[in-house]
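Colleague: I need the structure of the sequence given here:
(one chain, ligands or ions: 1)
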Amino acid sequence: MPIKGLIFDAYGTLYDVHSVQSKTEQLRPAKSDLITQIWRLKQLEYTWLQNALQGYRDFGFITEASLVFALRAAGVEPSQDIIKSLLDKYLDLDPFPGRGGCRLAILSNGSTAMLSALVKNSSLDAFLDATISVDDARKFKPHPECYALVEKKLGLKTDEVLFVSSNSFDVTGAKHFGFKVAWIRRGGLAAPASPIGPAQMYRLLRANAETLGYSEDYTVAALTDLITLL
Ligand code: LAC
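Modeller: Now for the predicted structure:
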C-alpha cells in the first residue's frame, strides 16, 4: 500500500523537549541539566504508570507532577513561580528544523490544550491536517488505542501510515500496532566516557533502540531526511 499519511509524534520528535533547558538555566543554573533530564524521564514514566493503573490524567497534569518530582529530586523547592515559568516554556518548545500528496498530522501524548498552544506558538498549525491528542483514548502511548485514533480521525488504514518518532518506546508501540515506522535517531550513545552526567544518562536510556523485537522500518538522522523515504 502506498503511504498516504505521515503521522508524527510531537514531544522529542517535532519539538525539542530539552529546549526547556534555556529556562532551567535561567532559574537554577547549577541544577539545570539534572532538572531537565529527570523531568522528561519521569514524565514518560508517569504516563506508563497511569496506563498500568488504568486511570487517565491528562499530559498537563503528568507534566506538572513530573516537574514537581524533578525539582524535589534536584533539591529545588517547587515554588509556584518556578513551576509556572517552566510549564509556560512547555507550551512554546523549540521545533526541530525540517517539515514535507501525504497528509501530515501529529499523534501525541500531549493534552488537546497543550498541543494546540504548541502548534500555534511554533506556527506548525499551517502545515498540519490534524493534531490528535491521546485525550480521546484516555490512555497514553504505547497503548494500541492511542495509535488507533489515526484511522478514527483521519480515515487512514494502518498500512497507509508512516509513523515518525524519535522516542524508542513509541517506535516499539507503533510497530506493535502495525504501522510502518521511521525512527529519528537523535544522538544515541554506545560507549560513553565515564563518569556520565544527566544528559548522557538520558541519551543512553532514551536515544538508543529498544530491544524487545519491534524494530523500525527506517532509521533517519533528522526530520529533513524523511523526504528520501517518500
Ligand atoms: C508524545 C510523547 C511521547 O509527543 O513525546 O506523544
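
Colleague: per-residue confidence at His143?
Modeller: Taken from the predicted model, the pLDDT recorded for His143 is 98.

Colleague: could I get the contacting residues of it?
Modeller: Asn51, Val134, Ala137, Gly173 (C-beta atoms under 8 Å, 6 or more residues apart in numbering). All C-beta spots, glycine's among them, are computed from the backbone N, C-alpha and C.

Colleague: closest to the ligand out of those?
Modeller: Val134 (7.1 Å; C-beta to the nearest ligand atom).

Colleague: was I right to think that closest one contacts Lys141?
Modeller: Yes - in this structure, Val134 sits in contact with Lys141. The criterion is C-beta atoms under 8 Å, and the distance is 6.4 Å.

Colleague: which helices and strands sit right next to the helix or strand harbouring Gln200?
Modeller: With elements delineated by DSSP states H and E, Gln200 resides in helix 198-206, which encompasses its position. Helices and strands touching helix 198-206, as assessed by 3 or more C-beta pairs under 8 Å, 6 or more residues apart in numbering; DSSP states H and E, comprise helix 32-53.

Colleague: and what about the residue in the chain sticking out farthest from the centre, helix, strand or coil?
Modeller: The C-alpha centroid of the chain is most remote from Ser194, which lies 27.7 Å away (C-alpha atoms, centre = their mean). Secondary structure, DSSP: H, G, I helix; E, B strand; the rest coil: Ser194 is coil.

Colleague: could you check the pLDDT of it?
Modeller: Each residue has a pLDDT score; the one for Ser194 is 79.

Colleague: tell me who's in contact with it.
Modeller: Counting by C-beta under 8 Å, 6+ apart, there are no residues that Ser194 touches.
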